[in-house]
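J.: My questions concern the predicted model and sequence given below.
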Amino acid sequence: MAGTLLVSLDCEGKWGFADDPKILADTRISNASLVEAYDFLLRLFAKDDLRVTFAVVGLFVAGRELAETYIRDAHDDDVLRQWLRVPDTAMMSNDTEGWFFEALPVKVFSAGQHELASHGYS
């Protein structure tokens with residue numbers, strides 16, 4: 001009997017560390033490193049004809065403008081406002097490296113074999 005391999009990736013960029021202020025000074029996750037990593041993964045999966053689910057954080061692919069609106073509109077929710085404090089600091093200082101990869105859904109769909117899923121919005 002043939003086996004089945006299920007691969008699902010959490011695609012978050014710096015949103016995966018949104019509650020950790022240390023991420024503001026961390027340069028390992030950058031726009032360039034995200035492009036490089038996802039291009040590598042897409043080539044790897046294509047080589048072995050693997051189908052993968054890319055579970056994305058909504059704000060990661062929505063972009064800065066929508067993220068700023070979302071953060072601004074969170075004023076009524078104390079828990080959410082606290083969670084968004086670090087990304088808000090990044091946006092206010094114009095340091096958006098690693099926070100967004102709006103082109104990722106296009107890259108995933110262009111490969112023609114993968115699935116895009118939601119990993120929440122923030």
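T.: Sure thing, it's come through.
J.: Now do the helices in this structure.
T.: Using DSSP state H, the helices of the chain run over residues 31-47, 58-62, 64-73, 78-83, 85-92, 104-110.
J.: Mind giving me the packing neighbours of the first one?
T.: It refers to helix 31-47. With contacts defined as 3 or more CB pairs under 8 Å, 6 or more residues apart in numbering; DSSP states H and E, the secondary structure elements packing on helix 31-47 are helix 104-110. No exception for glycine: its C-beta is placed from N, CA and C like everyone else's.
J.: related to what we said a few turns ago, least confident of the helices of the chain, on average?
T.: Mean pLDDT is lowest for helix 78-83 out of the helices of the chain, coming in at a mean of 91.
J.: what's that helix in contact with?
T.: 18, 19, 74, 75, 122 (CB atoms under 8 Å, 6 or more residues apart in numbering).
J.: Which pair of the residues you listed spans the longest distance?
T.: Across the contacts of helix 78-83, the two members that end up farthest from each other (CB to CB) are 19 and 75, 18.1 Å apart.
J.: With neighbour numbers in mind, choose between these two.
T.: Higher neighbour count among residue 19 and residue 75: residue 19, with 13 against 9, using other CB atoms under 10 Å.
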